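S.K.: with the input below, show me the fold.
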Amino acid sequence: MSYVLAFAGSNSSVSINYKLVKFTASLIKEREVKLRDMSKYPFPMYSQDIENENGFSNSLVEFKNEITHAKGLIVAVNEHNSYPSAYFKNTMDWLSRLDVKFLADKKILLMATSYGGRGASGALEIAEKMLARFQGTVIESFSLPRYSENFNEQKGIINDELSKVHAEKVISFVKAIS
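M.R.: Down below sits the predicted model:
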């Protein structure tokens, strides 16, 4: 049985995007979901010097292999100053050094959340273009604004309208990978 790989583009141990990914992953019953906490993947800032001196870490190669074998991906990008975090960009840089088409044939549910009213929409737009560059296909995207007002760790998305939109996007993603 193939699986879905779910992760946030944040290396924070208190990432709200990881909490959104974890909730979303819990809704998928049709497939196994492997949830990855990226705070446990401390990739150094990409540099050709580091690559030449040290090569690729085992955790990077393992993560890339998980992506390769996944049927689909659930990714939530965090936003720093209207852009995806440096950590997310750095992870994409490292993965692309292993294989520039590391997302080939991968269907993606792309999400973002923030405490503000834009719901990290700037990071979401940029991440969608970035993932396409590596041959990934974003099936659906979802932005959750005002995280602290619209999300509860025990209940998930508590705004009825946003919850409905999110559920529809999850269903569409699951159909696309079936």
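
S.K.: center of the protein - which residue?
M.R.: Val75 (1.7 Å; CA atoms, centre = their mean).

S.K.: that one bridge partners, please.
M.R.: For Val75, the beta-bridge partners are Phe7, Leu110 (DSSP bridges).

S.K.: quick one: it from Glu128, how far?
M.R.: Distance, Val75 to Glu128, by CB to CB, to the nearest Å: 10 Å. Using the backbone N, CA and C atoms, a C-beta is placed for each residue, glycine as well.

S.K.: try Phe43
M.R.: In terms of CB to CB, Phe43 sits 22 Å off from Glu128.

S.K.: which residues in this structure form helices?
M.R.: 16-26, 48-54, 58-69, 86-98, 121-133, 147-150, 160-177 (DSSP state H).

S.K.: now for the worst-scoring helix or strand of the chain on mean pLDDT, which elements pack on it?
M.R.: None of the helices or strands of the chain scores lower by mean pLDDT, DSSP states H and E than strand 79-80, at a mean of 94. Judged by 3 or more CB pairs under 8 Å, 6 or more residues apart in numbering; DSSP states H and E, the packing partners of strand 79-80 are helix 121-133.

S.K.: distance of the residue of the chain most remote from its centre from Ser47?
M.R.: Within the chain, the residue lying farthest from the chain centre (CA atoms, centre = their mean) is Glu53, at 28.9 Å. Distance, Glu53 to Ser47, using CB to CB: 9 Å.

S.K.: equivalent analysis for Arg146, please.
M.R.: Counting by CB to CB, the gap from Arg146 to Ser47 is 37 Å.

S.K.: looking at these two, which one has more neighbours?
M.R.: Under the neighbour definition other CB atoms under 10 Å, Arg146 and Ser47 were set side by side, and Arg146 has more, 16 against 11.

S.K.: I figured the more buried one hits Tyr115, correct?
M.R.: Yes: contact status for Arg146 versus Tyr115: in contact at 6.7 Å, counting by CB atoms under 8 Å.

S.K.: OK, contacts around Met45?
M.R.: 86, 90 (CB atoms under 8 Å, 6 or more residues apart in numbering).

S.K.: so where's the protein shaky on pLDDT?
M.R.: 1 (pLDDT under 70).
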